[in-house]
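> below are the sequence and a predicted model for it; my questions follow.
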Amino acid sequence: MKDFVIKAKVVKRELMILLGAFVLSFFSNIYAIIVHDGQWSELLSQLHVVVLLTLFLYFLVLLIRLIYLGVKFLWRSLSSKSGKSAA
Amino acid sequence: MNRKGFLELVSSLAGTTLLATKMPWFGIFNNPTGSSMAPSDRVRVGFIGVGSRGRTLLLNIQSIQDHMNVDIVAVCDNWPEHKERAEALTDGKAKGFLDYREMLEKVPMDAVIIATPLHEHAHMTIDALNMGIHVFVEKAMARTLEDTKAMYDAYLNSGKIMLIGHQRLFSPVYLKAMDMINNGALGQITMLRGWWMRNTDWIFYDVPGGRGSTLDRQRNWRLYWDTSAGKITELGSHHFQIANWVLDAEPLSVMGSGSLNYHKDGREVHDNFSLVFKYPGGIHFSYDVLDSNRHNGMGFQVLGKNATVQLEANKLYLENPPAPPAIRTMIHNIESSIFETIPIGGATWVPAEPVKYGGEYISADYELNDTQLFMEGFIEFVRKGDAPRKLTDEGYNASTWSLLAEQASRTGKVMTLPQEYKLKKIV
C-alpha cells in the first residue's frame, strides 16, 4: 500500500488559510457589533459562533480549491488526449 | 430548580406581600414545625380511595414518610383489588378496609387523604372533619354546590384542616411566575387563555357490560353526569384555580357551550367544550377542552401588555425580546438576502403571524414534584394543627366555578355565583 506524505509546506498553508478564516470571522463579529449596536462582551460570548463561521469559511475555500483542481485536472487530461490523437 | 433553589426562592420572598397575602402557604417551607423523629411526634395518615390517583398520593406520602415521620396507618377502597394493592404497597403495615366509616372509627389517625369519585367526596370529608380528623381531598370538592358548601361549613365548624388537591398551588414554577406577575413584569394583564387537549378515550377500566352499565358507571365514573362533570371538574378545575389565583379575584360570570361530538359510545359527559369566564376589570379567561385532538396539548397563558407567561410550559415570552447577538443578526441578514424570495405583487397587508420567539424559562432545569411538595405541606400543617384559610378558599372557589361552568356549558346560560355560596373575604 502506498503511503501518503503530507509535506510541512502543505500543513503550513492549510493552517494559514484557517487562521485567515478566523481573523476574517473575528473582524466580522467586531463589524457586526458596531453596525447592530451589540455589546462588546459578545467578542467573548459569541466566540463559538466565530469558530463555526471560521470552519464554514475554511470548508468553503476548500470546496472552491477542490473544484478548481478538478477542472484543472480535467482540462489537462483532455488536452493530453487531443495532443496524442493529433500526433 | 432543585430543592435547594426552591427553599432559597421561598426564603427570598419571606416578608413580601406575595407570600404574606397571595400564597401564605409557602411560608411553611420557611418555618417548618421542626418535628422530631419521636413516635409521639408521628403524623398518622389514612387513605380513602387508592385507585389511580389515590395510589399516586400514597406513593408520594411514602416518598416523604421517613424524613417527615409519617405513619400510613390504614387504607380503604371498596374495590378489593385496590385495597389489596395498597396494603401490599405498605408491606401490610397499613390496615385495609372496604368501608371508610369502619376505618375512621377503628383506626386512630391525625389526617385522611381522600381520592374517591367526585360525588363521594362530600360525605366522606364531612364525616372525617366531624370526627376531628384533618382532610386532604382531591379536586374538585364535590358534585353539587350544596355539597361543596356543606364541606366548607364542616371545615369551618370543625376547626380542622381541609385542603383541596390543586397541586399547582405548591408548584415552584407558579410561585416564581406569580412573583414576576406581582412585580409587574407582564405589565397590565389583559387576558387569560387555557386549554387541555388530548386524543384519548378517557376510559380507565374495561368492564363487562360496556358503556352505560352499572359497573361502568361505578368504575368509569368520570364519564357520567351523576358522578362527575367530566373534564370540567377533573381537569379544568386546576386551571380555574390558577385563573382566580393570578387575578386574585373570582369570576363575575361564566358562559359556554359543550357537546359530545366524537366519543358517542354511551358516555354522557362532554368530550369538548369552550368557556369564557368574565373577571373584574373587563378581563376574560377563555378555556377550551377537546378529547379527539392533541395538537395543542395543555396550556395556560397569562397575557399582559409587556409579556406572556405560559405556566404549564414554564416559559416567559417578552413582547419585545432582547436583540440576538450582533453576529447572528448579521448572518441572518446575509442568509435572508441570498435565500428569501422577494414578492413582486400580492397582498399589501402583512398577515399577523404568531411571533417566532422561543422565550425564556421561568425556572431553568426544573426537577421538583409539586404533588410531593403539597403532601409535605399538608403533613407540616397537620403537625402544626392549622393551615392558611386562603389555601382552602382557593380550592372552594375553583370547585364552585367548575360546577357553574358545567351548568353554563350544558344550558348555554350565563352563570353567576348565588350569594349564599360566596365566601367572606379574609381580613
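Cool, got the structure.
> hey, let's count contacts and neighbours off CA atoms from now on
OK.
> for A:Ser28, which three-state class applies?
Secondary structure, DSSP: H, G, I helix; E, B strand; the rest coil: A:Ser28 is helix.
> what pLDDT is listed against it?
Looking at A:Ser28, its pLDDT reads 95.
> the least confident helix or strand in chain B by mean pLDDT: how far from the chain's middle?
Across the helices and strands of chain B, mean confidence by mean pLDDT, DSSP states H and E is lowest for helix B:17: a mean of 87. Here helix B:17 shows a centroid-to-chain-centroid distance of 23 Å under the convention CA atoms, centre = their mean, to the nearest Å.
> for chain A, longest helix please?
What stands out as the longest helix in chain A, according to DSSP state H, is helix A:47-86.
> I'd like the average pLDDT over that one.
The model assigns helix A:47-86 a mean pLDDT of 91.
> same check, this time on stretch B:260-280
96.
> for chain A, what is the nearest residue in the stretch 101-250 of chain B?
Residue of the stretch 101-250 of chain B nearest chain A, by CA to the nearest CA: B:Ala185 (23.8 Å).
> thought that residue was touching B:Asn306?
Yes - assessed by CA atoms under 8 Å, B:Ala185 is found in contact with B:Asn306 at 7.0 Å.
> settle it for me: which of the two has more neighbours?
Taking other CA atoms under 10 Å in any protein chain shown, B:Ala185 and B:Asn306 do not tie; B:Ala185 has more neighbours (19 against 16).
> ok, that one - contacts?
B:Asn306, B:Ala307 (CA atoms under 8 Å, 6 or more residues apart in numbering or on different chains).
> quick one: the residue of the stretch 101-250 of chain B closest to chain A is in a strand?
No - using three-state DSSP, the secondary structure at B:Ala185 is coil, not a strand.
> got the phi and psi for it?
Per-residue torsions, B:Ala185: phi -60, psi -30 (degrees, to the nearest 10).
> so for it, what's the pLDDT?
94.
> from B:Glu319, how far out is the residue lying closest to B:Tyr317 once chain neighbours are set aside?
Counting by CA to CA, 6 or more residues apart in numbering or on different chains, B:Gly359 is the residue found nearest to B:Tyr317 once chain neighbours are left out, at 4.5 Å. Per CA to CA, to the nearest Å, B:Gly359 is found 10 Å from B:Glu319.
> same deal with B:Asn183?
16 Å.
> the more surrounded of the two?
A side-by-side neighbour count of B:Asn183 and B:Glu319, using other CA under 10 Å, places B:Glu319 first with 16 against 11.
> the more buried one and B:Pro354, how far apart?
B:Glu319 is 12 Å from B:Pro354, by CA to CA.
> what of B:Leu290?
22 Å.
> show me where chain B has strands.
B:43-48, B:70-76, B:95-97, B:111-114, B:134-137, B:162-164, B:189-197, B:253-259, B:272-279, B:283-290, B:298-304, B:307-310, B:315-318, B:360-361 (DSSP state E).
> which one of those lies nearest to B:Tyr396?
strand B:162-164 (7.8 Å; CA to CA).
> what distance separates that closest one from the centre of its chain?
12 Å.
> kindly report the same for stretch B:374-384.
For stretch B:374-384, the distance to the chain centre is 18 Å (CA atoms, centre = their mean).
> and it, what's buried?
In terms of neighbour count (16 or more other CA atoms under 10 Å in any protein chain shown), stretch B:374-384 has its buried residues at B:Phe374, B:Met375, B:Glu376, B:Gly377, B:Phe378, B:Ile379, B:Glu380, B:Phe381, B:Val382, B:Arg383.
> run through who's touching it.
B:25, B:28-29, B:32-33, B:41, B:43, B:57, B:60-61, B:64, B:68, B:70, B:110-111, B:134, B:136, B:161, B:163, B:167, B:169-170, B:387.
> just the buried residues of the residues you listed.
Members of the contacts of stretch B:374-384 classed as buried by 16+ other CA under 10 Å are B:25, B:28-29, B:43, B:57, B:60-61, B:64, B:68, B:70, B:110-111, B:134, B:136, B:161, B:163, B:167, B:169-170, B:387.
> what comes up buried for stretch B:196-204?
B:Trp196, B:Met197, B:Arg198.
> go on, stretch B:134-152?
B:134-145, B:147-152.
> next one: the residue in the stretch 1-150 of chain B positioned nearest to chain A from B:Val173, what distance?
Taking CA to the nearest CA, chain A has its nearest neighbour within the stretch 1-150 of chain B at B:Met1, 24.1 Å off. According to CA to CA, B:Met1 stands 9 Å off from B:Val173.
> same deal with B:Ala323?
Distance from B:Ala323 to B:Val173, by CA to CA: 26 Å.
> the more surrounded of the two?
B:Val173 (25 against 11).
> now do the contacts for the more buried one.
Counting by CA under 8 Å, 6+ apart, B:Val173 has contacts B:Leu311, B:Asn314, B:Ile362, B:Ser363.
> neighbour count and distance to B:Tyr224 added to these, as CSV?
Formatted as CSV, those follow (neighbours: other CA atoms under 10 Å in any protein chain shown; distance: CA to CA, whole Å):
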residue, neighbour count, distance to B:Tyr224
B:Leu311, 21, 30
B:Asn314, 19, 33
B:Ile362, 23, 38
B:Ser363, 19, 39
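> hmm, which of the residues you listed is lowest in pLDDT?
B:Ser363 (91).
> what's B:Leu316 in contact with, if anything?
By CA under 8 Å, 6+ apart, B:Leu316 lies in contact with B:Ala307, B:Thr308, B:Val309, B:Gln310, B:Gly359, B:Glu360, B:Tyr361, B:Ile362.
> measure it to chain A for me?
Separation of B:Leu316 from chain A (CA to the nearest CA, to the nearest Å): 23 Å.
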